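*Asks:* sequence plus predicted model, see below.
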Amino acid sequence: MAVLLQMKDLHKAYGSQVLLDGAEATLTDDVKVGFVGRNGTGKSTLLRILLGEEELDSGEIVRHPRLRLGYLRQHDPFLPGETAQEFLMRDSGQPDWKCGEVAGQFELKGDYLDGPIAKLSGGWQTRVKLAALLLHEPNLLLLDEPTNFLDLRTQILLEHFLRGYQEACLIVSHDRAFLGATCSHTLDLARGKLTMFPGKIDAYLEYEKEQRTRLEQVNAGVMAKRKHLEEFIAKNKARASTATRAKSKSKQLEKLELEDIAVEGPVARIRAPRVEPRQAAALRCQDLAIGYPERTVAKGIDLEIEHGSRAAIVGDNGQGKTTFLRTIVDSLSPVSGNVRWGYGCQIGVYAQHVYTSLPPDMTVIKYLEGEAAPGIKTQEILDQAGAMLFRGDAVEKRISVLSGGERARLCMAALLLSQYNVLILDEPGNHLDVDTIEALAEALTEYKGTVIFTSHDRHFMKRVATCIVEVRDGRVVNYNGSYETYLYAVNKEIEEGERELATKMSKAPPAATAKVAKAAPKAPRRSDREVRKEIGNAEKTIARLDEQKKQLSAAMLETSDAKEALKLHNELETVTAELNAAEEKWCVLQEELNELDA
């Protein structure tokens, strides 16, 4: 294990805004780290510092002599008319066969490799940039929100690539599912400090929650003891017979201290519109065709979405998800067919064409007051604004000075303060951090109206969606199954594609391998008694390892020492692997026993 990067006592501020305040962390060559933190804490700034694009106010970054940084570029580095193959050769200096081999890992072949890059969707262009990145052979990848605007298949393909990638990664992302699938460690930036946790994002969030709960319980105990001592002192300090005891209690009181509970900022409190539940169909599409005068994107759409549903619109980029949403809200006319909304539907829309057309001269607070449903109190409006990062003086900002991300959050806040009973949401989590996305998911699951939405965040999809509508190959249909089932099907499709590619790239044909291979001798058939005895031993092993796992998990939640946490995490990983192996062995033995009993 070699140290690739060591950050020592880093300080960085913009005026009164302190981003790094004595931050320290170490990145080694054998870990993939998910980099998290609330919006505005300085994650992207730290990446630019590591890349040498910004200077520290003070502190030191020690780099290994053989460090090779790779950064996923957000801008498009392509030349006009250039093909993917030409770009890869130009960018990397590698021969065509090598570029083609690496491109194949991202399913870049045929017209995708040899046709103009300009004609590829954003997701496919990201695949080209990832292939280019890999051709430079970096030993530390820096990825800043790599899943933004990527369709599901490209996200899963990127996950497969990162899991097989043997070098280190530092990945900034708000996508919990993506971080959980790719990163073994979690780095958190909060209040100017860096905290490295030796575990996945979900374990870290649970650890944080447990630590906060423990400290709150400790503080509650301290406050109760304080109150008891204060009451005793007040009653007894004036009496000569008890004055000495009261003085002793005063010294005890002075020693009682509350645990410091770090608070990054106000917890997001999001409420969905309060509406009455309705019955029957909210939306009916009859023989609908969607698209543009020069091109039909999908046709023959017969679709019904019930009131109270939370319908996730899924499909690859370029298949027509946004076209479908724009058609059902009447910002794009149907090519043919009908879109009918149910009686009493009041429709609120969150989409780019909406939040780029807000009134520029209005302030944040005035806009929200104007959009809020009658009867909503000022404090509720301020709470919703705060959840979307408009706090303090920020509510007095004019819309004309807001960034694109701020306008998007403002539009979301206004929508959630309304009384719409149908919400159309196009990528609602794009400008929100992990905590706010979680709060939004919670609010939408409690909402009594209908939600039709798109998202690239799989954790959000799983939390919110009650039905799946797939846009693919010119069709829009209800997908028969849950989101988990849909994910499984997509994963299986990608894995089959990867196996097919691996077979094609294999130098030895399967037939030749079959000629050389010798048939493995069959193991002698064992008796029923022997198998049952081994099952008993396996069950004892499973019970022992399961108990060890529980003890290590509990100890990990109790400790606040980073080194001790890392040691416990490594032990937990070992025990978990042994437990999985023991459980698999038990399953095999049970199958063997069933065959003997048959």
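*Replies:* On my side now, so go ahead. Treat the numbers as computed from the prediction; the structure is a model and nothing was measured.
*Asks:* list the residues that contact the residue most central in space within the chain.
*Replies:* Against the mean C-alpha coordinate of the chain, by Cα atoms, centre = their mean, the closest residue is residue 175 at 1.3 Å. By Cβ atoms under 8 Å, 6 or more residues apart in numbering, the contact set of residue 175 is 147, 155, 456, 457, 458, 459. The C-beta positions use only the backbone N, C-alpha and C, and glycine is treated the same way.
*Asks:* do that again at 10 Å, thanks
*Replies:* 34, 145-148, 150, 155, 181-182, 201, 429, 434, 437, 455-460 (Cβ atoms under 10 Å, 6 or more residues apart in numbering).
*Asks:* mind giving me the ChimeraX select for those, buried ones only?
*Replies:* Here is the ChimeraX command that picks out the buried ones among those, judged by 16 or more other Cβ atoms under 10 Å:
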select :34,145,146,147,148,150,155,181,182,201,429,434,437,455,456,457,458,459,460
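*Asks:* in strands only, show me the contacts of residue 175.
*Replies:* Among those, the members falling in strands are residue 34 (criterion: DSSP state E).
*Asks:* helices - which of the contacts of residue 175 land there?
*Replies:* Under the assignment DSSP state H, the contacts of residue 175 contribute 155, 181, 182, 201, 434, 437, 458, 459, 460 to helices.
*Asks:* what's the closest non-adjacent residue to the first one?
*Replies:* So that's residue 155. residue 147 (5.2 Å; Cβ to Cβ, 6 or more residues apart in numbering).
*Asks:* residue 301 pairs with what?
*Replies:* residue 288 (DSSP bridges).
*Asks:* how close does it get to residue 323?
*Replies:* Remark: distance between residue 301 and residue 323 (Cβ to Cβ, to the nearest Å) = 11 Å.
*Asks:* same deal with residue 451?
*Replies:* From residue 451 to residue 323 the distance is 19 Å (Cβ to Cβ).
*Asks:* so which of the two has more stuff around it?
*Replies:* residue 451 (23 against 19; other Cβ atoms under 10 Å).
*Asks:* so that one sits in a strand?
*Replies:* Yes - secondary structure of residue 451 (DSSP: H, G, I helix; E, B strand; the rest coil): part of a strand.
*Asks:* least trustworthy helix or strand in this structure by mean pLDDT?
*Replies:* helix 510-516 (a mean of 36; mean pLDDT, DSSP states H and E).
*Asks:* C-terminal to that helix, what's the next element?
*Replies:* Beyond helix 510-516 on the C-terminal side, the first helix or strand identified by DSSP states H and E is helix 528-558.
*Asks:* other SSEs contacting that following helix?
*Replies:* helix 201-236, helix 562-597 (3 or more Cβ pairs under 10 Å, 6 or more residues apart in numbering; DSSP states H and E).
*Asks:* that helix to helix 201-236, inter-axis angle?
*Replies:* Counting by axes from the mean of the first three to the mean of the last three Cα atoms, to 10 degrees, helix 528-558 points 50 degrees away from the direction of helix 201-236.
*Asks:* so how far is helix 528-558 from its chain's centroid?
*Replies:* 33 Å (Cα atoms, centre = their mean, to the nearest Å).
*Asks:* just the pLDDT at the residue nearest to the centre of the chain, thanks.
*Replies:* Note on residue 175: pLDDT of 84.
*Asks:* ok, now how distant is it from residue 157?
*Replies:* From residue 175 to residue 157 the distance is 15 Å (Cβ to Cβ).
*Asks:* what are the boundaries of the strands in the stretch 251-400 of the chain?
*Replies:* Using DSSP state E, counting those that start in this stretch, the strands of the stretch 251-400 of the chain run over 281-292, 295-306, 310-314, 336-341, 347-350.
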